[in-house]
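S.K.: the following comprises the amino acid sequence and a computationally predicted model.
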Amino acid sequence: TQSTWAHNQASVAFGGCDVTEYLTKQLQLQGYPFSTPHDIDICQNIKETLCYVCSNYTSEVEACSVKQSFQRDYKLPDGVVITLSQSRFQCPELLFSPEMAGIQNVQGLQHLMFNCVNRCDADIRKEMFSNLVLAGGNTLFPKMEERIHRELLMLAPKGTPVKVTALPERQYAAWIGGSILASLHTFPCMWVSKLEYDEYGLGILHRKC
């Protein structure tokens, strides 16, 4: 309903670039002088190829401290090989605990999703928990789907079925969804003219879309 969609949307000023920046700082603390834009690109590639989401952060830290199986090597363009261990899962953990990087008053991903569902009308919340779809590049971390499912099971009312869908092409989900919407024969009636926008402002989007 209109009242539902107007109130269940939320966003945070925190994302993949913050995770990359945090990884860069962690590597700097280990003695690697990453500072140039090219270095940041390297750190982003490290993030995308070696980092993953753990199911339980505390348990993963404990296991990582006594096992070498968490270590992975990354070869830099100049041939230098660096080794990552705890950073592999510590950096993506920011998506669930932004305060780890000193970012205050920002919800973790699991709380953001939970609160969005709770802002929906009560009679559709159960259905919403059963139809959660991950989208965007940040959701590509291995084990992201399992972690979100686990977190929401703990937050949702007991007995609530939770289903999380993570399609392989989810980094393009917004564009795919937009192209499907634009191809519908009913789409022109959703267009907002400049005259309408000038008269009603942003509210016209919820009224027509």
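M.R.: All right, it came through fine.

S.K.: so what's the gap between stretch 62-73 and the chain middle?
M.R.: Stretch 62-73 sits 25 Å away from the centroid of its parent chain (Cα atoms, centre = their mean, to the nearest Å).

S.K.: ends of it, how far apart?
M.R.: One end of stretch 62-73 sits 21 Å from the other (Cα to Cα, to the nearest Å).

S.K.: can you point out the buried residues in that stretch?
M.R.: For stretch 62-73, the neighbour count (16 or more other Cβ atoms under 10 Å) marks 64, 70, 72 as buried. All C-beta spots, glycine's among them, are computed from the backbone N, C-alpha and C.

S.K.: closest to the centroid, which residue in the protein?
M.R.: In the chain, the residue lying closest to the centroid (Cα atoms, centre = their mean) is residue 138, at 4.3 Å.

S.K.: if we can go back for a sec, tell me which of the buried residues of stretch 62-73 fall in helices.
M.R.: residue 64 (DSSP state H).

S.K.: show the subsequent helix or strand relative to the one helix or strand in the chain whose mean pLDDT sits lowest.
M.R.: The weakest-scoring helix or strand in the chain, judged by mean pLDDT, DSSP states H and E, is helix 2-5 (a mean of 48). Scanning forward in sequence from helix 2-5 by DSSP states H and E, the next helix or strand is helix 16-29.

S.K.: in that following helix, which residues are buried?
M.R.: Here helix 16-29 shows 16, 18, 19, 20, 21, 22, 23, 24, 26, 27 as buried, counting by 16+ other Cβ under 10 Å.

S.K.: would JSON lines of those with pLDDT and distance to residue 155 be doable?
M.R.: Shown next, in JSON lines, are these (pLDDT from 0 to 100; distance: Cβ to Cβ, whole Å):
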{"residue": "16", "pLDDT": "89", "distance to residue 155": "23"}
{"residue": "18", "pLDDT": "91", "distance to residue 155": "23"}
{"residue": "19", "pLDDT": "93", "distance to residue 155": "22"}
{"residue": "20", "pLDDT": "95", "distance to residue 155": "27"}
{"residue": "21", "pLDDT": "94", "distance to residue 155": "28"}
{"residue": "22", "pLDDT": "94", "distance to residue 155": "24"}
{"residue": "23", "pLDDT": "95", "distance to residue 155": "27"}
{"residue": "24", "pLDDT": "95", "distance to residue 155": "31"}
{"residue": "26", "pLDDT": "92", "distance to residue 155": "28"}
{"residue": "27", "pLDDT": "92", "distance to residue 155": "33"}
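
S.K.: reformat these as a markdown table; add distance to residue 92.
M.R.: What follows is these, written out as a markdown table (distance: Cβ to Cβ, whole Å):
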| residue | distance to residue 92 |
| --- | --- |
| 16 | 10 |
| 18 | 11 |
| 19 | 6 |
| 20 | 11 |
| 21 | 13 |
| 22 | 10 |
| 23 | 9 |
| 24 | 14 |
| 26 | 12 |
| 27 | 15 |
